[in-house]
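1. Need coordinates for the following:
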Amino acid sequence: MRPMGRCLVSACVALALSAMPALVLGAPGAAPTFTYARTGETETLDPERTTAVASAEADFLIYDTLVSLDTDYTYKPSLAEKWVISPDGKTYTFTLRRGVRWASGKPFTAADVKYTLDRWRTLKGSPSAFAISPVETVDAPDPQTVVLHLKTPLSVLLDGLAGPFSSILNPDAVNKAGDDYGTAAGKVDGTGPFIVREWVRNDRMILDRNPNYRWGPPVFANRGPAHLGRVVLKVITQDAPRLAAVEIGDAQYTPSVPPQEVDRLTKEGKLQIIRYQDLNTEFIGFKLGHKPLDDLKVRQAINYGVNKREIVAGAYYGLGEPADEVLTRQVPGYWSGVEKIAYGYDPSRAKRILDEDGWKQPNPGAIRVKDGKPLSLLFLWTPGPEANSIVPLVQSELRGIGVDVRPRQLELTAFFAALRAGEHDIFLIGVQYTTADVLYFYFKSTQRPAPNRFDWADPETDRFLDISRTSTSAAERTAAYQKVQEIVVQNALWVPLVHAKRVVVASKQLVVPKIYNANQLYKMLDLDLK
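-> The predicted structure follows:
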């Protein structure tokens, strides 16, 4: 299963799959075609303009980053063969790999890295530029060396440089396409193991193997070229046709599995059922800039009014744990004190808080009203196996305490656009992370309007978040992370719902050596069809 908003069998199958390329094995020894069935479309192939998982899936195939992240969350070489960090943590010197070329044929050099990082940290509206915000200058003293000079130390710099949004770009391609870079197959160039051949929005993206690729990161046994000859990223928004595509062989993999189907698929034994655990939190976010969500009492009441255990049982079929906290317990910096102040399910308390706050019910079961205005919230969401069940559950539970929830379903690209535009009162989304720095991602005031879609701007929060990134003391960073978690809970900035247990399904012909946690199939270099 994959989380919603990524940011997660019937007669209609023939229609839904009619445009899907079939599995192509070709002549003996020919590289096969792999079809990946997913719920949502890639927002853009300009990695500096999005944090959506559906875009990251494509970015990792098309581009490379300076460093890579292994399954044990350690950093390994990629486009950079090695790096040296100065004792004060303010200078990073990267030595680049030789022999790398862009898909267009141009040699890759340090000038490309300098251009990419300078563009990223200064790109207006980039939702991920915070990841390298302390970088003051980028130097390229020779074609194989890049030096980053930081204003202050940044404890999570390598994590940022391993993410999809740090994918290195070809300046020639970006300048040629201008603002249209990344919007179509002919408006993108990368050094990655695959090349975009075709992109039909909301249907399919076809990527062909880069035959010259031989510089894959050492997290893979195969450094390139890829075993697969072609990858088809196929959008199938509905659960039944998407799962059916894998069952009948028109696709070989999907990360978006209806949880109610897991037991059946396991018993039948026709597909690979792959279980793994990454660091994730599914949540409902509040836009504090919209009334009545600027009222702490309202946010607290909503927290008490949502039954997370019912969501785990009803939407996830037990494949998850109720999330009473911001982070999972496995993350360094987790604050155990949250367990004493978390909002458990208590609808009676929720009703009492709203009563005391002046939100009155004209009669039992009615929508609450204050100063002549109903307690009514616009709820934005995008479809997925769990989200399809979560939304009606939340709507029913909040109606039980007198809160009207008006769901608006959007496809993935429109969903993120609406959030950036601030159209939401509340929204349903999931986040995957590798460190506690996800707190900075969401709650730093400078992250507004996205990914800080909460409108949270608090000097104390900002101060602790700055400490968490710049301090050279691990103990001081941990204390700062814990303080931010306390602030988030006390101010009821969101409703954490579930830490999901991941389940994906694959054809038995698909060789999947390992799952790369938050990056899942990552660059697909070891993937093969037998």
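
2. the bottom helix or strand of the protein by mean pLDDT?
-> Every helix and strand of the chain was ranked by mean pLDDT, DSSP states H and E. The lowest is helix 13-16, at a mean of 28.

3. so after that helix, what's the next helix or strand?
-> The first helix or strand that comes after helix 13-16 along the chain, using DSSP states H and E, is strand 33-38.

4. Surely residue 450 and residue 418 touch.
-> No - using Cβ atoms under 8 Å, residue 450 is not in contact with residue 418, being 10.6 Å away. Placement of C-beta: from N, CA and C, glycine included.

5. quick one: low-confidence parts of the stretch 1-150 of the chain?
-> 1-29 (pLDDT under 70).

6. Show me the strands in it, by range?
-> 33-38, 67-69, 75-77, 80-85, 91-96, 135-142, 145-150 (DSSP state E, counting those that start in this stretch).

7. buried sites along the last one?
-> Okay, so that is strand 145-150. By neighbour count with 16 or more other Cβ atoms under 10 Å, strand 145-150 contains the buried residues 145-148, 150.

8. which residues touch stretch 471-483?
-> Applying Cβ atoms under 8 Å, 6 or more residues apart in numbering, the contact partners of stretch 471-483 are 89, 153, 155, 332-335, 337, 436, 439, 464-465, 467-469.

9. what about that stretch, distance to the chain center?
-> 25 Å (Cα atoms, centre = their mean, to the nearest Å).

10. before we move on, back to that, let me have the buried residues of strand 145-150 in TSV, extended by distance to residue 386.
-> Output for those, formatted as TSV (distance: Cβ to Cβ, whole Å):
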residue	distance to residue 386
145	46
146	41
147	45
148	39
150	40
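
11. Out of the residues you listed, the closest to residue 134 would be?
-> residue 150 (4.6 Å; Cβ to Cβ).

12. Show me what secondary structure element comes after the biggest helix by length in the chain.
-> As assigned by DSSP state H, the longest helix anywhere in the chain is helix 474-490. With elements assigned by DSSP H and E, the helix or strand that comes after helix 474-490 is strand 494-500.

13. thinking again about what came up before, the longest helix of the chain relative to strand 494-500, how many degrees between them?
-> For helix 474-490 against strand 494-500, the angle by axes from the mean of the first three to the mean of the last three Cα atoms, to 10 degrees is 110 degrees.

14. buried sites along helix 474-490?
-> Applying 16+ other Cβ under 10 Å to helix 474-490 flags 477-489 as buried.

15. So which of the strands of the stretch 1-150 of the chain is nearest residue 327?
-> strand 67-69 (18.0 Å).

16. List the contacts of that closest one.
-> So strand 67-69 is contacted by 75-78, 80, 83, 158-159, 161-162, 217-219, 434, 516-517, 519 (Cβ under 8 Å, 6+ apart).

17. Give me the subset of the contacts of stretch 471-483 that lies in helices.
-> Within those, residues falling in helices by DSSP H are 439, 464-465, 467-469.

18. Between which two of these is the distance greatest?
-> Checking the ones in helices among the contacts of stretch 471-483 with Cβ to Cβ, the most distant pair is 439 and 467, at 11.6 Å.

19. Compare these two and say which is more crowded by neighbours.
-> Set side by side, residue 439 and residue 467 show more neighbours around residue 439, with 26 against 17, by other Cβ atoms under 10 Å.

20. Disregarding residues adjacent in the polypeptide, which is nearest to that one?
-> residue 484 (4.9 Å; Cβ to Cβ, 6 or more residues apart in numbering).

21. wait, the one you found sits on residue 462?
-> No - using Cβ under 8 Å, residue 484 is not in contact with residue 462, being 9.7 Å away.

22. CA atoms only for the host helix or strand of residue 460, dumped as CSV, please.
-> Assigned by DSSP H and E, residue 460 belongs to helix 459-470. Output of helix 459-470 as CSV, limited to C-alpha atoms (Å, rounded to 0.1, in the frame of the first residue of the first chain):
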residue,chain,number,x,y,z
PRO,A,459,9.1,32.5,16.2
GLU,A,460,9.7,29.8,18.8
THR,A,461,9.1,27.0,16.4
ASP,A,462,11.4,28.7,13.9
ARG,A,463,14.1,29.1,16.5
PHE,A,464,14.1,25.4,17.5
LEU,A,465,14.0,24.3,13.8
ASP,A,466,17.1,26.5,13.1
ILE,A,467,18.9,24.9,16.0
SER,A,468,17.9,21.4,14.8
ARG,A,469,19.7,22.0,11.5
THR,A,470,22.7,24.1,12.4
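
23. quick one: buried residues of it?
-> 461-462, 464-465, 467-470.

24. same check, this time on stretch 239-254
-> For stretch 239-254, by 16+ other Cβ under 10 Å, it's 239, 241-247, 250-254.

25. Now do the strands in the stretch 301-450 of the chain.
-> So, for the stretch 301-450 of the chain - with DSSP E, counting those that start in this stretch - the strands run 320-322, 369-370, 373-374, 376-381, 404-409, 426-433.

26. elements contacting the fourth one?
-> In this case it means strand 376-381. helix 387-399, strand 404-409, helix 412-420, strand 426-433 (3 or more Cβ pairs under 8 Å, 6 or more residues apart in numbering; DSSP states H and E).

27. any chance of those in a markdown table, with mean neighbour count too?
-> As requested, the helices and strands packed on strand 376-381 are exported to a markdown table (neighbours: other Cβ atoms under 10 Å):
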| stretch | mean neighbour count |
| --- | --- |
| helix 387-399 | 19 |
| strand 404-409 | 16 |
| helix 412-420 | 21 |
| strand 426-433 | 23 |
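
28. Including mean pLDDT and distance to residue 107, could those go into a markdown table?
-> Below are the helices and strands packed on strand 376-381 laid out as a markdown table (pLDDT from 0 to 100; distance: least, Cβ to Cβ, whole Å):
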| stretch | mean pLDDT | distance to residue 107 |
| --- | --- | --- |
| helix 387-399 | 97 | 45 |
| strand 404-409 | 98 | 47 |
| helix 412-420 | 93 | 34 |
| strand 426-433 | 94 | 34 |
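
29. Export these to TSV and append columns for distance to residue 207.
-> Shown next, in TSV, are the helices and strands packed on strand 376-381 (distance: least, Cβ to Cβ, whole Å):
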stretch	distance to residue 207
helix 387-399	27
strand 404-409	29
helix 412-420	19
strand 426-433	22
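
30. Indicate which one of these is closest to residue 49.
-> Among these, helix 412-420 sits nearest to residue 49 (Cβ to Cβ), with 10.4 Å.

31. the inter-axis angle of that closest one versus strand 404-409?
-> Between helix 412-420 and strand 404-409, the angle comes out at 140 degrees (the same axes, to 10 degrees).

32. and helix 412-420, how far from the chain's centre?
-> 14 Å.
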